[in-house]
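Novice: Let me see the structure of the following:
(one chain, ligands or ions: 2)
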Amino acid sequence: MESLPVPSVQAMVAATGGAEVPSRYHRPEASQDPVANDIEAEIPVIDFQRLLDPDACPEDSARLHRACQDWGFFQLINHGVPSDVIKGMKASIEGFFQLPPETKKKVAQERGQLDGYGHLFVVSEDQKLDWSDVLYLNTRPPYRKNLRFWPDKPDNFRLTLEKYSAATMNIVERLLPIIAKNLELQPEALTDKFIGGIQSIRMNYYPACAKAENVVGLAPHSDAGFLTLVLQVNQVQGLQIRRNGTWVPVKPLDSAFVVNLGDTFEIFTNGRYKSIEHRAVVNTEKERLSIAAFHGPNMHAKIGPLKEIVAHEVEAYKTVDHENFRRLFLSGKLVGKSFLEQMKL
Ligand SMILES: O=C(O)CCC(=O)C(=O)O
Ligand SMILES: [Fe+2]
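Specialist: Ligands and ions are numbered 1, 2, ... in the order given. Next up is the predicted model:
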């Protein structure tokens, strides 16, 4: 698995002032899709503390069910992650991208693997490119960590990422039994698959672009895993989700996680809950940063409809080894939900 090396967009903008858009980044078609201007559509907000107390707040798990079923996206507030962990992670990633290019390059991706500083899903020399740079690290379980690509600058980066990784993983572990219940499953139907579950963290840096309408920060895609927790790092918005043919901008609440359902979720539930296409747009004046924590089952788990769910209905998706599933996803181009299409029966 690898992604072809591409130039740093941040370095390119620093050198040119960002007014020029080289042809590989030029994607004017992106601005032709309609964008919802004001919010007839705001993604649901879920209060995690209320959700964890079903006796006091019985309606909150029903709200989560509707969010999963009707939106595939929600904001998680009151998630209990200490603010110093959130602030520390934001500061670490802002600090990393401010380092000189040669320092960042010490953790540049190398051929044959994806960890490190570079980009993802670049498979051909003539492919259009995203207006962003990425730091991608496998974080869990511990054997998947490759510390060679974990920055040691800014100070405490590694420790901060460890804390952040543990905190986000813990949220997913506590969401699983509630999701299982909403699907009328025993908790173990999900939790067993997530013992030793995988997590990887993708830190995105989107430089400003004077011709932002002609570039794409991150092309439309759905995430492959089960649940993704996205943290908006600075005040610049850019995440949009596709809903009924329109791009709906997400306005994150302060320090909320924007949670989305990935393809594995859609496959496990045989399509009851669907993964949702989303993209990131670029700001004309300010850089934008985000951190996406992807979570999936352990590497022994099969990726296919849960047997409890397809006991009385027709399977709509194939069942494949997790290893093959990941290889297939990470070695292709990321185009909308095209990867999931290949999993359909
Ligand atoms: O930048 C964002 O808000 C979204 C990031 C994202 O979708 C991803 O990294 O998969
Ligand atoms: Fe995503």
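
Novice: count of residues packed around Leu227?
Specialist: Neighbour count of Leu227, defined by other Cβ atoms under 10 Å: 24. For glycine as for every other residue, the C-beta is placed from the backbone atoms N, C-alpha and C.

Novice: That one against His295, yeah?
Specialist: Yes - contact criterion Cβ atoms under 8 Å: Leu227 and His295 qualify, at 5.0 Å.

Novice: and for those two, which residues touch both?
Specialist: Residues touching both Leu227 and His295 by Cβ atoms under 8 Å, 6 or more residues apart in numbering: Val172.

Novice: quick one, helices of the stretch 51-200 of the chain?
Specialist: Here the stretch 51-200 of the chain has its helices, by DSSP state H, counting those that start in this stretch, at 59-66, 83-98, 101-104, 157-182, 187-191.

Novice: okay, those in CSV with mean neighbour count next?
Specialist: What follows is those, written out as CSV (neighbours: other Cβ atoms under 10 Å):
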stretch, mean neighbour count
helix 59-66, 16
helix 83-98, 17
helix 101-104, 14
helix 157-182, 19
helix 187-191, 16
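
Novice: For ligand 1, find the nearest of those helices.
Specialist: Ranking those by proximity to ligand 1 (Cβ to the nearest ligand atom) places helix 83-98 first, at 12.0 Å.

Novice: Ramachandran angles for the most centrally placed residue in the chain?
Specialist: Nearest residue to the geometric centre of the chain (Cα atoms, centre = their mean): Ala292, 4.1 Å. Per-residue torsions, Ala292: phi -110, psi 120 (degrees, to the nearest 10).

Novice: Tell me the pLDDT of it.
Specialist: Predicted confidence (pLDDT) for Ala292: 98.

Novice: wait, isn't it in contact with His221?
Specialist: No - contact criterion Cβ under 8 Å: Ala292 and His221 do not qualify, at 11.0 Å.

Novice: Identify the residues contacting the nearest residue to Phe96 once chain neighbours are set aside.
Specialist: Nearest residue to Phe96, sequence neighbours excluded (Cβ to Cβ, 6 or more residues apart in numbering): Pro151, at 5.4 Å. Listed by Cβ under 8 Å, 6+ apart, the contact partners of Pro151 are Phe96, Leu99, Lys104, Lys106, Val107, Leu135, Phe157, Arg158.

Novice: what residues does the stretch 151-300 of the chain put near ligand 1?
Specialist: Within reach of ligand 1 by Cβ under 6 Å from any ligand atom, the stretch 151-300 of the chain has these residues: Arg202, Asn204, Leu218, Asp223, Val230, Leu239, His278, Ala280, Ser290, Ala292.

Novice: The helix or strand where Ile201 lies - contacts with which helices or strands?
Specialist: For Ile201, the enclosing helix or strand under DSSP states H and E is strand 198-206. Applying 3 or more Cβ pairs under 8 Å, 6 or more residues apart in numbering; DSSP states H and E, one finds that strand 198-206 contacts helix 83-98, strand 133-140, helix 157-182, strand 288-296.
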